[in-house]
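# Predicted coordinates and the sequence they were generated for:
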Amino acid sequence: MIPKPVQGVVDNDLLDATWFSEAAGSFAVSNPATSAAFAWVPDALAGDAEVAILAAAKAFSSWSALAARERAKVLFLWADLLLEHRADLGALLSYEQGKPVAEAIGEIEYSASYVQWFAEEATRLYGDTIPAPASSKRILVTKQPVGVVGVITPWNFPMAMLARKAAAALAAGCTLVAKPAQETPLSAFALQRLAVRAGVPVDAFAVVAGTDSAAIGEVLTQHPAVAKFSFTGSTRVGRILAAQCASTVKRVSLELGGNAPFIVFADADIEAALDGLMLAKFRNAGQTCVCANRVLVDAAIADEFTERLAARVRALRMGSAFTDDGSAADVQIGPLVHERAAAGLRELLTRAMADGARLVGVDGVTGEGAWLQPCVLADVRNDSELAQSELFGPVAPVIKFHDEAEALALANATEYGLAAYLYSRDIGCCLRVAEGLQFGMVGINDGAISNAAAPFGGMKQSGYGREGSKYGLDDYVETKYLSIGGI
C-alpha cells in the first residue's frame, strides 16, 4: 500500500516484496517529517531468510559460471536504470528516509557509481603465475567467488550501502541475501527490482525485510550456506554479528561506528575549512558514519572559527522534503530518522550544557518530533559524553587544542577509527598528522572523501574490510593455489 505522494513515483512492481511468508503480517514505513505511516510492507520471518539463502545457493552455480564480461553487461545496464530513474527513486528515498530530495538524488547517483565501478572490476579479477621451484612444476593462483553472501544494511544511506555491497558481490560471481533496515525497506526493494530488470536472476539477489532483526540476523550469520557476511551499522551490533559468524567461520567485513575528528590548524584556509566542515558535518542532517563528530580547532583561531561556523549553521534551511506542492528544492536539513533519535540528542545536549558546554549563537535546543535545529557548541571537553558519543545528528562540538601533538592525541582518543579530516597549508604538518591518525580514511583539505574508486573502511572498533576501489572484490573471492607437476 503506497499512498500519495509516493504512489505513482515508482512503478508498484519495484516495491514488491518477494521473500516473505504468505502468513506473515506487515509493518509500517513512516515519513520521518510527520511520523505518519505511508506504506505497509510484508514482515518477513527468519524462515523466509533461510528459503532465500537456499535459493541463492542454487542460483550461484549459474551466475558464477557466466563470463565476467556477461556479468559486467548486466551491471552496466543496472547502473543505467538507476540513473534513468534517479528523480523518482530520489523522491521515494527522501520520503522514507527524510533527507532532502537533492541529497537523495545524489545518493542514487552515488549508488550507480559503485555499480558502474564494479561492472568494470568484474573483468579485472586477475590471478597470478608464480615461478615454480622446479622446471617440472607450474604454480597458478586463481580467484573464485566465495558463494552466497549475507548482507545487513542501515537506514542512513539505504540505496548506496546496499548497492556498494551487492554490486561487488554480483561482480565477483556471488549471489546474496540482504536485510535492509526496517525504517527504509522500499529503497532496497526498488534497487533489487531494477537489478532483476537488468538481468540479475531473481534468486541471485534477494531482499528480506522484517522487524525481527535478531532472528533474521542469526540466519544470515549462522547458516552454513552463507560463505561471507557484510554489515554496516553500529559497533555494538557489529560485535554481536561477528561473534555469531564465528560458529561457521565465515568471512566477515564490518563497517561500524565512527567519531571523526575535523582538525583545523591556525594556518588553514578558514573559508575552505568551513566549506569542508559544513559538507562533512551536515550532510544528511549529520547522520553519516564519516560525519565530522568533533571539531578540533587551534586555540589561536578557535573563537573566530566557532562564530563563523555558528553563523553558517544558523543559515541552514530546514524543512520537509515534501510539501503540499511537491518537493521543496531549497531544503538543506531534513528531520532525523525518527522521534527517538531526535529526543536522544536533545537529552544529550541538555546534559552537555549542564557539564559546561555552551551553545553558540542560539538561545537553546529547539525542535519537536524528529526535528532538531542544527547547533554549534563551544567549551567542550574531548573526554565528555558529547565528544565521545557518535552523534548522528546536526550537532557540532568545538574543542580547542594548542599544538600539533595535542591535536593528534585528542583526535586519536576514541575507540573508533573510521574517518578523520584535517585542514592546514603546511604540507609537512598534513603528512605527519595524516600518518599519525588512527583512522582508515583521512581527508586532507577535503571534506568529501567518499567515492567508488577509493577504499572505504576503518580501523580499531570501526570495523575491518574495505568497500569500493580495486580492493573491493577481495572479500568476495577465494584465492586458490594450483600446483601442477609432471610437466
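Cool, the structure landed. Numbering: from 1, shown residues only.
# what's residue 159 in contact with, if anything?
89, 93, 107-108, 111, 187-188, 190-191 (Cβ atoms under 8 Å, 6 or more residues apart in numbering). From N, CA and C alone the C-beta is placed, and that goes for glycine too.
# Can you check the pLDDT for it?
Residue 159 carries a pLDDT score of 97 in this model.
# likewise residue 17?
55.
# can you list the domain ranges for the protein.
Structural domains annotated on the chain: 12-256+476-482, 260-457, as defined by automatic domain parsing.
# Output those domains as CSV; include the columns distance to residue 467.
Compiled in CSV, those are given as follows (distance: least, Cβ to Cβ, whole Å):
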stretch, distance to residue 467
domain 12-256+476-482, 5
domain 260-457, 5
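# Show me what secondary structure element comes after the lowest-mean-pLDDT helix or strand in the chain.
In the chain, the helix or strand scored least confidently by mean pLDDT, DSSP states H and E is strand 326-327, which has a mean of 44. The element immediately downstream of strand 326-327 (helix or strand, assigned by DSSP states H and E) is helix 339-354.
# returning to what we had before: ok, the contacts of residue 159 vs residue 241, which is closest?
Proximity of these to residue 241 was ranked by Cβ to Cβ; the top entry is residue 188 with 18.1 Å.
# ok, that closest one touching residue 176?
No: at 11.7 Å, residue 188 and residue 176 do not qualify as touching, with contact defined as Cβ atoms under 8 Å.
# Of these two, give the one with the bigger neighbour count.
Between residue 188 and residue 176, residue 176 has the larger neighbour count (other Cβ atoms under 10 Å), namely 30 against 25.
# Could you grab the helix/strand/coil label for the closest residue to residue 182 other than its chain neighbours?
Once flanking residues are discounted, residue 182 sits nearest to residue 211: 5.3 Å by Cβ to Cβ, 6 or more residues apart in numbering. Three-state call for residue 211 (DSSP: H, G, I helix; E, B strand; the rest coil): coil.
# how close does the closest residue to residue 445 other than its chain neighbours sit to residue 56?
For residue 445, ignoring the flanking residues on the chain, the nearest one in space by Cβ to Cβ, 6+ apart is residue 423 at 5.5 Å. Computed as Cβ to Cβ, to the nearest Å, the residue 423 to residue 56 distance reads 46 Å.
# Now do the end-to-end distance for stretch 311-320.
22 Å (Cα to Cα, to the nearest Å).
# ok, and what's touching it?
Contacts made with stretch 311-320 from outside it, assessed by Cβ under 8 Å, 6+ apart, are listed as 33-34, 274, 278, 282, 328, 330-335, 361-362, 371, 373-376, 394, 396.
# Now a PyMOL select for only the buried ones of the residues you listed.
Buried members of the contacts of stretch 311-320, identified by 16 or more other Cβ atoms under 10 Å, are gathered into one PyMOL selection as follows:
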select buried, resi 33+274+278+282+328+331+332+333+334+335+371+373+374+375+376+394+396
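# Give me the buried positions along stretch 273-287.
Applying 16+ other Cβ under 10 Å to stretch 273-287 flags 273-274, 276-278, 280-287 as buried.
# Let me have the residues you listed in TSV, adding pLDDT, distance to residue 60 and secondary structure as columns.
Listed next are those as TSV, based on pLDDT from 0 to 100; distance: Cβ to Cβ, whole Å; DSSP: H, G, I helix; E, B strand; the rest coil:
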residue	pLDDT	distance to residue 60	secondary structure
273	98	48	helix
274	98	50	helix
276	98	43	helix
277	98	45	helix
278	97	45	helix
280	96	39	helix
281	97	42	helix
282	96	42	helix
283	95	37	helix
284	95	35	helix
285	95	39	helix
286	96	39	helix
287	96	35	coil
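# of all those, which comes closest to residue 41?
Where the buried residues of stretch 273-287 are concerned, and distances follow Cβ to Cβ, residue 41 has its nearest neighbour in residue 287, at 21.6 Å.
# ok, that closest one - contacts?
Residue 287 is in contact with 156, 336-337, 341, 392-393, counting by Cβ under 8 Å, 6+ apart.
# again, but for residue 195
Neighbour list for residue 195: 78, 166, 170, 205 [criterion: Cβ under 8 Å, 6+ apart].
# now the helices for this protein?
In the chain, the helices defined using DSSP state H lie at 46-65, 68-84, 86-97, 101-121, 160-172, 185-198, 213-222, 235-245, 270-282, 302-314, 339-354, 385-388, 404-412, 427-436.
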